[in-house]
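1. here's a sequence, model it:
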Amino acid sequence: MTTIMKPGKAEEEYFAKQEIDKKKKLAHEIKERLQVQEREKLKLIHHMHCSKCGLDLQSVTFQGFVIEKCFSCGAIVLDQNEFEKLAGTESGFISSIVGLFK
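-> Have a look, this model is predicted:
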């Protein structure tokens, strides 16, 4: 006659914890995926739109740089490091503004 051994309490707790850990990991992965999707969605909605008035930005060349300008409200959008490059190494007011963003 064969006897079937039931799992002990410690073993049941171990497997229950394993299952919970798997579910937590899956939930975390889903959350991250949704965050990435939300960022992409926002990027599509806001790309080349003015952050002040929401109308379209237009690319213009200024001092050798392509910058974005809103001809509705006058806002100018600079990409990363463009402000520093446009300001150059001059001392004074512009350098102090550049220092605020470093």
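2. quick one: pLDDT of the residue nearest the centre of the chain?
-> What sits nearest the mean C-alpha location of the chain, by C-alpha atoms, centre = their mean, is Arg39, with 5.9 Å. Note on Arg39: pLDDT of 84.
3. identify the residues contacting it.
-> Arg39 sits next to no residue when contact means C-beta atoms under 8 Å, 6 or more residues apart in numbering. (Each C-beta comes from the backbone N, C-alpha and C, glycine too.)
4. phi and psi next, for Phe65.
-> Per-residue torsions, Phe65: phi -110, psi 140 (degrees, to the nearest 10).
5. next, the closest residue in space to Cys73 that isn't next to it in sequence: phi, psi?
-> Leaving aside its sequence neighbours, Cys73 sits nearest to Cys53 (C-beta to C-beta, 6 or more residues apart in numbering; 4.4 Å). Per-residue torsions, Cys53: phi -120, psi -10 (degrees, to the nearest 10).
6. hmm, Phe71 and Cys53 touching each other?
-> No. The criterion here is C-beta atoms under 8 Å, and Cys53 misses it with Phe71 at 10.4 Å.
7. send me stretch 4-18 as CSV with only the CA atoms.
-> In CSV, the C-alpha atoms belonging to stretch 4-18 read as follows (Å, rounded to 0.1, in the frame of the first residue of the first chain):
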residue,chain,number,x,y,z
ILE,A,4,0.6,9.9,0.0
MET,A,5,2.4,12.4,2.0
LYS,A,6,0.7,15.8,2.4
PRO,A,7,2.9,18.8,2.2
GLY,A,8,3.8,20.3,5.5
LYS,A,9,2.8,23.8,6.5
ALA,A,10,6.3,25.2,5.8
GLU,A,11,6.3,23.7,2.3
GLU,A,12,2.8,25.2,1.6
GLU,A,13,4.0,28.6,2.8
TYR,A,14,7.1,28.4,0.6
PHE,A,15,5.1,27.6,-2.5
ALA,A,16,2.5,30.3,-1.6
LYS,A,17,5.3,32.8,-1.2
GLN,A,18,6.8,31.8,-4.6
